[in-house]
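Undergrad: okay, structure incoming, though there's no sequence with it:
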């Protein structure tokens, strides 16, 4: 079986997002329990706890293996879903029920959708690595503080010493190119919801191979995550009953399995030998006396204990640990440093 066939086979085993599955998700949210569900076509729903916002990415090519969607993995509440028309009704049903719970809890709810701009817009970039964002907001000014926070903070993002270009567009229809809006203006008002769209130029994707530049992607993901958290913080203070003390309070709390797996495997490597013991010379005292007798002019010749590990094999074990599976950028940074 080919890899493509295997991937399709795996996708088929993911159950459809039926009314029963949606009700199970809503039941957990109503109890303020974390929700993490695999959706059709490689989609994913992650809601850490009851929060007054949700980030959404609809992949026009199917949700699986979307670099743009993975930009949201740092957020405490996100939905990565397929963007095909047949899934739209199911998605809006799910979002409507999520919004009902959050509006009841917080008094208001914000949907923030990200997407890639059309090719014609991308070709207008004056520098291939200059980050660019376009904020799409309604004509009304209810979200002026949130939009202004997004504009200022996105403008402070820098990639390869290139400061981001940010534009704000007002329109009655906020949606990704070629897709229906998640909700109409009337539906948003009825639900007690707000909606903002953010176009993100995919400068982190190699245009020839369509694969991400890993370090550039990691930097943009980390910076964008901080910006979104600040915007959600301003939204919460202005529009909801939730009054977080700091935008950090809106970050992730729940640990996914990948975090514990990476931590366990790193600890196993670390505990397999005593680094300080291995790098401490066995003849330090003798060499110090000889160094002093030579009037500190001849470098000491230290001797060390035999290695208890094979460095090559240990490096292979170390670099085989999938740190990139850790969604939280702060934890990933700590693991990479270790």
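TA: Looks like it arrived, so ask away. Owing to the predicted nature of the structure, the values given are computational and were not obtained by experimental measurement.
Undergrad: number of nearby residues for residue 188?
TA: Neighbourhood size, residue 188 [other CB atoms under 10 Å]: 19. Where you see a C-beta, it was placed from the backbone N, CA and C, and this is true even at glycine.
Undergrad: ok, it to residue 25 distance?
TA: For residue 188, the distance to residue 25 equals 21 Å [CB to CB, to the nearest Å].
Undergrad: what's the answer for residue 213, then?
TA: Counting by CB to CB - residue 213 and residue 25 are separated by 35 Å.
Undergrad: what are the phi and psi values for the residue nearest the centre of the chain?
TA: Residue closest to the mean C-alpha point of the chain, counted by CA atoms, centre = their mean, is residue 73 at 2.4 Å. Residue 73 adopts backbone torsions of phi -60, psi -20, taken as degrees, to the nearest 10.
Undergrad: which residues touch it?
TA: Residue 73 makes contact with 46, 221, 327-328 under the criterion CB atoms under 8 Å, 6 or more residues apart in numbering.
Undergrad: need the max-distance pair from these.
TA: Largest separation among the contacts of residue 73 by CB to CB: 46 and 221, giving 14.7 Å.
Undergrad: tell me which stretches of the stretch 51-200 of the chain form strands.
TA: Counting by DSSP state E, counting those that start in this stretch, the stretch 51-200 of the chain has strands at residues 53-59, 77-82, 109-115, 132-137, 158-159, 162-163, 165-170, 193-200.
Undergrad: so which elements touch the following helix or strand past the longest one?
TA: Spelled out, it's strand 193-200. Sequence order places helix 214-239 as the next helix or strand after strand 193-200, per DSSP states H and E. Where contact means 3 or more CB pairs under 8 Å, 6 or more residues apart in numbering; DSSP states H and E, helix 214-239 is packed against strand 53-59, helix 67-70, strand 109-115, helix 144-155, strand 158-159, strand 193-200, helix 329-337.
Undergrad: in helix 214-239, what's buried?
TA: 216-236, 239 (16 or more other CB atoms under 10 Å).
Undergrad: which strands or helices does the helix or strand that that helix is followed by pack on?
TA: As assigned by DSSP H and E, the chain's next helix or strand after helix 214-239 is helix 257-271. If contacts are counted by 3+ CB pairs under 8 Å, 6+ apart, helix 257-271 sits against helix 311-319, helix 329-337.
Undergrad: buried stuff in helix 257-271?
TA: Within helix 257-271, judged by 16+ other CB under 10 Å, the buried ones are 258-259, 262-263, 265-266, 269.
Undergrad: got these as JSON lines, with distance to residue 283 and pLDDT columns?
TA: Shown next, in JSON lines, are the buried residues of helix 257-271 (distance: CB to CB, whole Å; pLDDT from 0 to 100):
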{"residue": "258", "distance to residue 283": "44", "pLDDT": "83"}
{"residue": "259", "distance to residue 283": "43", "pLDDT": "86"}
{"residue": "262", "distance to residue 283": "38", "pLDDT": "90"}
{"residue": "263", "distance to residue 283": "37", "pLDDT": "90"}
{"residue": "265", "distance to residue 283": "35", "pLDDT": "91"}
{"residue": "266", "distance to residue 283": "32", "pLDDT": "90"}
{"residue": "269", "distance to residue 283": "28", "pLDDT": "89"}
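Undergrad: between those, which is closest to residue 51?
TA: residue 259 (19.7 Å).
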